[in-house]
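**Q** take this sequence and fold it.
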Amino acid sequence: MSDYIIRATAAEGQVRAFAATTRELTEYARAAHNTSPVATAALGRLLTAGAMMGIMMKGKDDLLTLKIEGDGPIGGLTVTADSQGDVKGYVFNPSVMLPPNSKGKLDVGGALGVGVLSVIRDIGLKEPYVGQTILVTGEIAEDLTYYYASSEQTPSSVALGVLMNKDNTVKQAGGFIIQLLPGASEEVISALERRLGEIDSITKLLDQGNTPEMILEHILGDFGLEITEKHPTRFFCNCTKERVEKALISVGKKEIQEMIDEGKTIEVNCHFCNKNYAFTVEELKEMLEKAAR
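**A** Now for the predicted structure:
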């Protein structure tokens, strides 16, 4: 198993934790979208968060969408994940280039600017659950920490990181989410806060060869860590030519007729995985018949 997520509890059920290594899925996304280093870092962080938050959902058909829209040059990001560890996403402006921030790191916060984070959970009810918060720093992990505290009243510590190679491929990617559950004692809360204040950056821990298990052991080892599940995760897009055809049929007869009148093969692009699907005039005529039924 290359990319995977660990689920764990600690402090006799007062703490729950998730940790992930996501180098391969982040590299897949980088190659698919030809992202710049700062766009790769932003997308890799949000994909990692999406993968961990996705497996927190219980239903097989539950879907999570994370959306960030900002006034910075990257424009925004969208990631969707399911409860099985599959995640996909894209960047509005994948080629954005920025100088490093004051700490010499990729300036994800500068790329996103001022904006809004939306968390949308579709769990099969009439309306999906939507939570929104402002971007506090644009660094994504801090924004999700703030989201959990303000929208879900769940004290959490979120860490997300992407480390690039000199050739702009992905060297390391991963993260963790540690949450205090209702009824956590003051003793556990202050001890955990102290411990979290002592740890290195997530990218440093990954680059030192730490696995998700070792990272959680490093943070929660003194709290009686109990690993309950190891789950594979991957970049997976469920688009197919048939699905794209259905979407085209749904735009209506008038629009399909206009495409036919142009007399050329059309190409439809999937935002999530950047695949192109070609439809000939003959195929469009068949679709027009289906739309008329």
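**Q** now the residue nearest the centre of the chain: which helix or strand?
**A** Closest residue to the average C-alpha location of the chain: Leu47 at 2.3 Å, with C-alpha atoms, centre = their mean. Element membership for Leu47 (DSSP states H and E) is helix 37-54.
**Q** gap between that helix and the chain center?
**A** In terms of C-alpha atoms, centre = their mean, to the nearest Å, the centre of helix 37-54 is set 4 Å apart from its chain centre.
**Q** how many residues are close by the nearest residue to Ile227 once chain neighbours are set aside?
**A** Among residues not flanking Ile227 along the chain, Ala8 sits closest, at 4.6 Å (C-beta to C-beta, 6 or more residues apart in numbering). For glycine as for every other residue, the C-beta is placed from the backbone atoms N, C-alpha and C. If you count neighbours by other C-beta atoms under 10 Å, Ala8 ends up with 22.
**Q** any idea how far Ala8 is from Ala20?
**A** 12 Å (C-beta to C-beta, to the nearest Å).
**Q** show residues contacting stretch 225-237.
**A** 1, 3-10, 17, 20, 22, 24-26, 28-29, 32, 47, 51, 55, 85-88, 213, 216-217, 270, 272-273, 275 (C-beta atoms under 8 Å, 6 or more residues apart in numbering).
**Q** hey, what's Phe235 bridged with?
**A** Beta-bridge partners of Phe235, counted by DSSP bridges, are Val87.
**Q** state the distance from it to Gly59.
**A** Per C-beta to C-beta, Phe235 is found 22 Å from Gly59.
**Q** and those two? Which one has more around it.
**A** Remark: of Phe235 and Gly59, Phe235 carries more neighbours, 23 against 11, as counted by other C-beta under 10 Å.
**Q** and His218, what does it touch?
**A** His218 touches 199, 205, 210, counting by C-beta under 8 Å, 6+ apart.
**Q** picking up where we left off before, ok, the residue nearest to the centre of the chain - contacts?
**A** Applying C-beta under 8 Å, 6+ apart, the residues contacting Leu47 are 22, 25-26, 29, 79, 87-89, 235.
**Q** mind running it again at 6 Å?
**A** Contacts for Leu47 (C-beta atoms under 6 Å, 6 or more residues apart in numbering) come out as 79, 87, 89.
**Q** so where's the stretch 151-293 of the chain shaky on pLDDT?
**A** Along the stretch 151-293 of the chain, the parts satisfying pLDDT under 70 run over 292-293.
**Q** that one: helices as residue ranges?
**A** Applying DSSP state H, counting those that start in this stretch to the stretch 151-293 of the chain gives helices spanning 186-198, 202-207, 212-220, 241-250, 253-262, 281-292.
**Q** for Met164, see how far away Val268 is.
**A** 31 Å.
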